[in-house]
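S.K.: How does the following fold in three dimensions:
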Amino acid sequence: AALCEPDPVHTLPVRCVAPIDYAHHQRRDRAPAPADPLMHRLSPAERLALAGAALLLLLQALPALQPALEYRAATAWSQPWRLVTAHLVHVNWTHAAINAAAWWVVARLFAPELRIRAQLAVAAVAAVAIGAGLALLHPGIAWYRGFSGVLHGLFFAGSVQWLIETLRTPAQRTLRALWL
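M.R.: Numbering: from 1, shown residues only. Down below sits the predicted model:
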């Protein structure tokens, strides 16, 4: 049955919307949420993201260590660890907190697609690619800090994997299913 209600914006007296069946969007690796949201179990991918987020915040609390970890164009090849560790330090607390929260959100969105090993592999490849890309393609960028680029890599990998899995299921090969 359609849900009908007055349309306050347009001149139409009533707007009817067919209910949407979200049953086909249930996550494959999560049990249904318990009645108490505080007792909701986290997937292993989410736990990894929360541990990583804690690491980002811990490193932000150690300002003396940050310069040794940030990317610097002048030392990119003599201190190659900076190509990866630059993604773990941030410019300020706001930057660190947003990246920490976003890591958990991406892990939550794509827990079935980016399990622990995939998440670690994508994060490592993205970090090295971004660091090497800065050194080779943009040598004028003197320094770099932040996890945002790695987050974009995780989001892209999760999205592609989700799309592949969705297209494998014939019932979900509709524009509506892909849009929702």
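
S.K.: what pLDDT does Lys124 get?
M.R.: Residue 124: Ala, not Lys. pLDDT recorded at Ala124 is 96.

S.K.: Could I get the full set of strands for the chain?
M.R.: Along the chain, the segments classed as strands by DSSP state E run 3-5, 15-17, 71-72, 143-144.

S.K.: which stretch in the ones you listed is the model least sure about?
M.R.: strand 15-17 (a mean of 45).

S.K.: And stretch 130-141, what's buried?
M.R.: Across stretch 130-141, burial judged by 16 or more other Cβ atoms under 10 Å covers 130-131, 134-135. No exception for glycine: its C-beta is placed from N, CA and C like everyone else's.

S.K.: And stretch 144-155, by the same measure?
M.R.: Buried, per 16+ other Cβ under 10 Å, within stretch 144-155: 144-147, 149-151, 153-155.

S.K.: Show me the residue sitting in the middle of the chain in space.
M.R.: Val106 (2.6 Å; Cα atoms, centre = their mean).

S.K.: right, and it touches His152 too?
M.R.: No. Contact criterion Cβ atoms under 8 Å: Val106 and His152 do not qualify, at 9.3 Å.

S.K.: Closest one of the buried residues of stretch 130-141 to Thr166?
M.R.: Ile130 (27.8 Å; Cβ to Cβ).

S.K.: Please look at Gly131 and Trp81 and confirm they touch.
M.R.: No. Using Cβ under 8 Å as the test, Gly131 is too far from Trp81 to be in contact (9.5 Å).

S.K.: which residue sits closest to Phe110 in space, ignoring its chain neighbours?
M.R.: In space, Phe110 comes closest to Gly158 once its chain neighbours are excluded; the distance is 3.0 Å by Cβ to Cβ, 6 or more residues apart in numbering.
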